[in-house]
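Visitor: Sequence below, structure please.
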Amino acid sequence: MGLLTPLAVRIGALSWMPKLLPQVVTVDTTLQRVTRGRVSILDIAGLPNLTLTVPGRKSGIPRSTPLLCVPHDGTWLIAGSYFGGPKMPLWVHNLRATDTAQISVGGRSVTVRWRELEGEERARMWQVMLRTWPNYAKYEERTDRLIPVFQLDRA
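Guide: Numbers count the residues shown, from 1 in each chain. Coordinates of the predicted model:
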């Protein structure tokens, strides 16, 4: 965690953040392009992150999404929270349509296999994720959908 993490947590808790997510993604994408992938908004906020790349389920074109992640026991946990918005993030549908994905972590590319966590295992890992990003609890309150949690393991 970094000096700006408490500020990021406060901003991430704002109820109107889901409406700004497209603009946040655009700014982050631009920042990553300008810095050649070395810096993202999540880096500035002092939060662990990765870039997930999966083929589009319809187009087959690789799609990259920067995501907050929680490193845990040699794996990475990610959640399809979309700031608690009502719609499922598109990357979730794309990930579910493939067996493996690419992630970029700390400038290194890694091929991963994924699995969606369910039941008690999801509940346990959700608690692990809340320690890194407490706003996941707020996002859960904002939406009627179950926020999916995925574990990424090196392939």
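
Visitor: Contacts made by the longest helix anywhere in the chain with the rest, please.
Guide: Ranked by residue count, the top helix of the chain under DSSP state H comes out as helix 17-34. Under the contact criterion C-beta atoms under 8 Å, 6 or more residues apart in numbering, helix 17-34 has outside partners 11, 38-42, 51, 65-66, 82-85, 142. Where C-beta positions appear, they are placed from N, C-alpha and C, glycine not excepted.

Visitor: Next step: the residues you listed restricted to helices.
Guide: Here DSSP H is the test, and the contacts of helix 17-34 give 11, 41-42, 142 as lying in helices.

Visitor: nearest to T132, of these?
Guide: L42 (11.2 Å; C-beta to C-beta).

Visitor: if we can go back for a sec, just the buried ones from the contacts of helix 17-34, in PyMOL syntax?
Guide: Buried members of these can be picked out in PyMOL with the line below, counting by 16 or more other C-beta atoms under 10 Å:
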select buried, resi 40+41+42+51+65+66+82+83+84+85+142
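
Visitor: any idea which of the contacts of helix 17-34 is the one closest to V128?
Guide: When these are ranked by distance to V128 (C-beta to C-beta), L42 comes first, at 17.8 Å.

Visitor: follow-up on the earlier one: just curious, which of the contacts of helix 17-34 is nearest to R57?
Guide: Nearest to R57 among these: T65, at 13.5 Å, using C-beta to C-beta.
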